[in-house]
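Asks: For reference, the sequence and a predicted model appear below.
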Amino acid sequence: MVMNRKHQKTLEAVFKNPVSGTLIWDDIERLFTALGGQVSEGQGSRVRVALNGVRQVFHRPHPQKETKKGAIKSVRDFLERAGVKHNA
C-alpha cells in the first residue's frame with residue numbers, strides 16, 4: 001500500500017462529516033489503487049473495484065468531475081467493509 005499525502009487527504013475527505021460534495025472521482029479511483037485495490041472498466045460509466053476480497057461497482061460521474069454525496073457514502077461503506085481504517 002503506497003499512500004501519499006494526496007491519497008491520505010482523499011481518504012480523510014471520504015470519511016468527513018458532513019459528507020463533501022466536491023471530491024473528484026479520479027482522486028477516489030487513485031485512492032482505491034493506492035490501497036491495493038484493482039479498478040477495472042465496466043460498461044458505460046461503470047467502474048468495478050475489488051479491495052481485500054470485497055467487490056463493488058460504482059458509476060463514474062459524468063459530465064461533471066465531482067462525486068455526489070450519495071456516491072461518497074457508498075465509497076465510505078465499501079472501504080469500511082474492505083477493512084480500511086481511517087483517522088477520525
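Replies: Thanks, I have it. Residues are numbered from 1 along each chain as shown.
Asks: Can you pull out the low-pLDDT segments for the chain?
Replies: 1, 87-88 (pLDDT under 70).
Asks: can you tell me which helix or strand the residue nearest the centre of the chain belongs to?
Replies: What sits nearest the mean C-alpha location of the chain, by CA atoms, centre = their mean, is Ile28, with 3.9 Å. Element membership for Ile28, per DSSP states H and E: helix 25-34.
Asks: how near is the closest residue to the residue nearest to the centre of the chain other than its chain neighbours to Trp25?
Replies: What sits nearest to Ile28 in space, not counting adjacent residues and going by CB to CB, 6 or more residues apart in numbering, is Val75, at 5.9 Å. Quick note: C-beta positions are derived from backbone N, CA and C, even for glycine. To Trp25, Val75 is 10 Å away according to CB to CB, to the nearest Å.
Asks: coming back round to it: wait, the residue nearest to Ile28 sits on Phe58?
Replies: Yes - look at Val75 against Phe58 with CB atoms under 8 Å: they come within range, at 7.2 Å.
Asks: Strands of the protein, start to end?
Replies: Assigned by DSSP state E, the strands in the chain fall at 38-41, 46-51, 54-59.
Asks: hmm, back to that, which residues are common contacts for Val75 and Trp25?
Replies: Taking CB atoms under 8 Å, 6 or more residues apart in numbering as the criterion, Val75 and Trp25 both touch Thr67.
Asks: Now the longest helix along the chain: buried residues?
Replies: Ranked by residue count under DSSP state H, the longest helix found in the chain is helix 69-81. Along helix 69-81, the positions that meet the burial threshold by neighbour count (16 or more other CB atoms under 10 Å) are 71-72, 74-76, 78-79.
Asks: give me the number of residues near Glu41?
Replies: Glu41 is flanked by 10 other residues according to other CB atoms under 10 Å.
Asks: Just give the nearest non-adjacent residue to it, would you?
Replies: What sits nearest to Glu41 in space, not counting adjacent residues and going by CB to CB, 6+ apart, is Val47, at 6.6 Å.
Asks: Would you confirm that that neighbour contacts Arg55?
Replies: No - Val47 is beyond contact range of Arg55, at 11.5 Å (criterion: CB under 8 Å).
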